[in-house]
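S.K.: Compute the structure for the input listed below.
(chains A and B)
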Protein chains: 2
Amino acid sequence: MSDIHAQMLDMGRRARMAAQALRDAPAQARTDALIAAAQALTAASADILAANLRDVDRARAAGLSEALIDRLSLTPARIEAVAAAVAEVATLPDPLGRELARWERPNGLDIARVSTPIGVLAIIYESRPNVTADAAALCLRSGNVAILRCGSDCLESSLAIHAAMTRGLISAGLPADAIQIVATPDRAAVGALLTGLEGTVDLLIPRGGKSLVARVQAEARVPVLGHLEGLCHTYLHAAADADMAVALSLNAKMRRVSVCGATETLLVDAEAAKRLLPPVAQALSAAGCALRGDAAAMALVPEMTEAEEADWTTEYLAPILAVRIVSGLDEAVDHIRRHGSGHTECIVTEDAAAAARFLNAVDSAIVMWNASTQFADGGEFGFGGEIGISTSRLHARGPVGAEQLTSYKYVVRGTGQTRP
Amino acid sequence: MSDIHAQMLDMGRRARMAAQALRDAPAQARTDALIAAAQALTAASADILAANLRDVDRARAAGLSEALIDRLSLTPARIEAVAAAVAEVATLPDPLGRELARWERPNGLDIARVSTPIGVLAIIYESRPNVTADAAALCLRSGNVAILRCGSDCLESSLAIHAAMTRGLISAGLPADAIQIVATPDRAAVGALLTGLEGTVDLLIPRGGKSLVARVQAEARVPVLGHLEGLCHTYLHAAADADMAVALSLNAKMRRVSVCGATETLLVDAEAAKRLLPPVAQALSAAGCALRGDAAAMALVPEMTEAEEADWTTEYLAPILAVRIVSGLDEAVDHIRRHGSGHTECIVTEDAAAAARFLNAVDSAIVMWNASTQFADGGEFGFGGEIGISTSRLHARGPVGAEQLTSYKYVVRGTGQTRP
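M.R.: Numbering: from 1, shown residues only, chains lettered A, B, ... in the order given. Next up is the predicted model:
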């Protein structure tokens, strides 16, 4: 067995032991640890900045793009935001020990379903050092132990952030191993994590680009929560309000083009395309968005480029929008079923019956009526943060917050009942 | 690609299409199909019996044990029970389309979490032809498509049962492919199923012996719901009522020794062992149970055989019980953590505070106070049946009924909100 593999197995064992200690610790300790971690992050701001500069210098020397370097970079303000986010997670209600259901059986057995931690979560991510703190905080809030594996590009920053959070754990009497970070950039460490570390990892959460997520989903021997693509749709139904159509299309595409909830394809009912499409196209073009349409769309908006088949299944993560004219709701739903990634889809309409049909027929993690697909976000849902968005049909679907990072057990209280 | 593999992929594709049709069909159709399936089973009783005789003859010729042949055998009464079980599933409330939660955001967004089917479930099982009907019925109740793979020992019976249920589907206007059965005994078919059939299978549910479940868990590339072992414990705390201790220990071990909820290890507080253990041991011995104890247990009940280390981690599925004297609740909890399988554990005590500590500290799927571990069953929980018991920490834990065979999606209703 390689050295790296042995080290990783050791991390797993320590994580398991920390999970037990975490479960035995009082709930208040988790809150105290989060508050202390936030304070430690603020106190360590200079160290974190210095570490980040080393990461940034390395990235520059390696010729990374400015966009990537920006994703990587921390400033005092950004570090303060990271600390504030951790402090906010400290204020979230405890998702553990809740009675999710309780009922009595005819024989008098009192049965309750009670929330518990999942156990050991491994988060694999790239480029964003803030994920080190965000993910660790949500794991801690939900009583889970975290094993973090960041990209080599933000390793120094992440180690510094991790060190601060560890001080928070220790000051609250929690084991330092409740949040571990893989300190080696060696790729073999990821391979080991994907095996589940001999049963010690309960769940893998990949955060990053498509190739990372695809690799994890393909090779992981343990459950994975995440999404491959956010190929979201906004559908302008025949009864859509024209102004709302413009406002929503613009926001859904252009608010931030690189988030998973950005709309990538606009579907427009033929019946109202002449009324709806030109103003929408104009607003998007003025905002710098390139439009690629089918023949019917181009006929209405000649400035569009011609869309190819591949455009209907492309997550651009850029100011580019595919536009297709559809014959009605059925065709819109069919298009989404065939080309979507099960993430987020929206219908814009004043026709409540049409909205109801759409909301019922479309089977994505999030279906919307008259709202921007950019609301696909745990914070916007009121979850107090998210560790990611899942398109999995099992365990959790949609935004994954502290509450979704829990399991449950049944507590049965009897008075001596025996089963016939 | 082998013929079998191609055939299996085709089943997967047909399952996917059937899943869509099932989702689009009215809820009443699923109830109608279940009622019709139950009636079809009764009507086909003679055919099913004839098919079963062929399975039994084959098993006899192959020299299978009487116990296995009995597990395999159907009688008119057993077939009637199978039909009645399907008819009962028809009366279960529809678990789909339920609003599991609903809330409004400060910006006016109305967000609901609504239950949906999971999709395509593959059930792999051995020996018990009734599983063909039970599993298919629960899948149908929860809007899921089923791909069934039974053991070769009950293939003829299962095919006949499947044919009857298909008639029920068709009569209710549902696609026949909503319940498919693998008609070839070729082992390569299981291998194909374990790959997930190119993304068409959402969940695997193995029902059977340890080697089947272990193989599935080790090789599956898709999520698995099930349990490897039911190594359950009953712990007689120092403040246990002596009569209750006898009744519960007897029922938990001997009601049916081969169910996963049977107690395999009895833990007894040293402080009260002299009071509690001899009557319990006497009752168990009188019922035909062999006892294997540690030195302290043997000192109190000399008729016991000496337990070895392996006895603490053995699921006997037989009238054998391992007995260990512990120093108190902490040691009992520690023993369960180290040796248990996370299935079901019970504390017998009149001390509510001790019970609370036990119920909180033990992290198994089901934790009990003063009740028989044999209640670990979906029917007993009020779920109207179960497809199996899961010790997984993800998606569903404990008995898996129709409600647990669902996923959810978010439905967001807005009035044109854009995200800042």
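
S.K.: Quick check: phi and psi on A:Gly398?
M.R.: Phi and psi for A:Gly398, reported as degrees, to the nearest 10, are phi 90, psi -160.

S.K.: Tell me which residues touch it, please.
M.R.: A:Gly398 makes contact with A:Ala365, A:Ile366, A:Ala376, A:Phe381, A:Ile389, A:Ser390, B:Lys409, B:Tyr410, according to Cβ atoms under 8 Å, 6 or more residues apart in numbering or on different chains. C-beta: built from backbone N, CA, C; applies to glycine.

S.K.: Please repeat the previous calculation with a cut-off of 6 Å.
M.R.: For A:Gly398, the contact set (Cβ atoms under 6 Å, 6 or more residues apart in numbering or on different chains) comprises A:Ala365, A:Ile366, B:Tyr410.

S.K.: Name the SS class of the last one, please.
M.R.: So that's B:Tyr410. strand (DSSP: H, G, I helix; E, B strand; the rest coil).

S.K.: Give the other helices and strands that the lengthiest helix in chain A contacts.
M.R.: In chain A, taking DSSP state H as the definition, the longest helix is helix A:3-24. The contact analysis (3 or more Cβ pairs under 6 Å, 6 or more residues apart in numbering or on different chains; DSSP states H and E) places helix A:3-24 against strand A:145-149, helix A:188-195.

S.K.: same thing but at 7 Å, please
M.R.: With contacts taken as 3 or more Cβ pairs under 7 Å, 6 or more residues apart in numbering or on different chains; DSSP states H and E, helix A:3-24 sits against strand A:120-125, strand A:145-149, strand A:179-181, helix A:188-195.

S.K.: How about A:Glu229, nearest residue that isn't a chain neighbour?
M.R.: Using Cβ to Cβ, 6 or more residues apart in numbering or on different chains and skipping the chain neighbours, the partner closest in space to A:Glu229 is A:Ser341 (4.1 Å).

S.K.: Could you export the helices and strands packed on helix A:3-24 to JSON lines, including columns for mean neighbour count?
M.R.: Shown next, in JSON lines, are those (neighbours: other Cβ atoms under 10 Å in any protein chain shown):
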{"stretch": "strand A:120-125", "mean neighbour count": "28"}
{"stretch": "strand A:145-149", "mean neighbour count": "27"}
{"stretch": "strand A:179-181", "mean neighbour count": "24"}
{"stretch": "helix A:188-195", "mean neighbour count": "20"}
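
S.K.: any idea which element A:Phe383 lies in?
M.R.: Counting by DSSP states H and E, no helix or strand carries A:Phe383.

S.K.: list the contacts for the residue nearest to it when sequence neighbours are not counted?
M.R.: Nearest non-adjacent residue to A:Phe383, counting by Cβ to Cβ, 6+ apart: A:Gly401, 3.0 Å away. When contacts are counted by Cβ atoms under 7 Å, 6 or more residues apart in numbering or on different chains, A:Gly401 touches A:Leu138, A:Gly378, A:Phe383, A:Gly384, A:Gly385, A:Glu386.

S.K.: what about the fifth one, how many residues close to it?
M.R.: Residues contacting A:Gly385 under the criterion other Cβ atoms under 10 Å in any protein chain shown number 21.

S.K.: Then the first one?
M.R.: Around A:Leu138 sit 33 other residues, with neighbours defined as other Cβ under 10 Å.

S.K.: Give me the pLDDT for it.
M.R.: A:Leu138 carries a pLDDT value of 97.

S.K.: swap in the fourth one?
M.R.: At A:Gly384 the predicted local confidence, pLDDT, stands at 86.

S.K.: ranges for the strands of the stretch 101-250 of chain A?
M.R.: When secondary structure is read from DSSP state E, counting those that start in this stretch, the stretch 101-250 of chain A shows strands at A:110-117, A:120-125, A:145-149, A:179-181, A:203-207, A:232-236.

S.K.: Can you tell me the closest non-neighbouring residue to A:Ser258?
M.R.: A:Leu317 (4.7 Å).

S.K.: Determine the number of other residues adjacent to the one you found.
M.R.: By other Cβ under 10 Å, 17 other residues sit near A:Leu317.

S.K.: what does A:Leu49 give?
M.R.: Look at A:Leu49: counted by other Cβ under 10 Å, it has 17 neighbours.

S.K.: Would you check that it makes contact with A:Arg78?
M.R.: No - applying Cβ atoms under 7 Å as the test, A:Leu49 and A:Arg78 come out as separate, 9.5 Å apart.

S.K.: In the stretch 151-300 of chain A, which residue sits nearest chain B?
M.R.: Chain B sits closest to A:Asn251 of the stretch 151-300 of chain A, with a gap of 3.7 Å, by Cβ to the nearest Cβ.

S.K.: what's the closest non-adjacent residue to that residue?
M.R.: B:Thr418 (3.7 Å).

S.K.: Count the residues that sit near the one you found.
M.R.: So B:Thr418, with other Cβ under 10 Å, has 17 neighbours.

S.K.: and the stretch 251-400 of chain A, which of its residues are near chain B?
M.R.: By Cβ under 7 Å from any Cβ of the partner chain, the part of the stretch 251-400 of chain A that sits against chain B consists of A:251, A:255, A:359, A:363-372, A:374-375, A:380-382, A:393-395, A:397-398.

S.K.: so who does the residue of the stretch 151-300 of chain A closest to chain B touch?
M.R.: A:Ser372, A:Gln374, B:Thr418, B:Arg419.

S.K.: repeat for A:Glu303
M.R.: A:Ser285.

S.K.: Report the spatially closest residue to the residue of the stretch 251-400 of chain A found nearest chain B, excluding sequence-adjacent ones.
M.R.: Of all residues in the stretch 251-400 of chain A, A:Ala371 sits closest to chain B, at 3.0 Å by Cβ to the nearest Cβ. The shortest distance from A:Ala371 to any non-neighbouring residue, by Cβ to Cβ, 6+ apart, is to B:Gly414 (3.0 Å).
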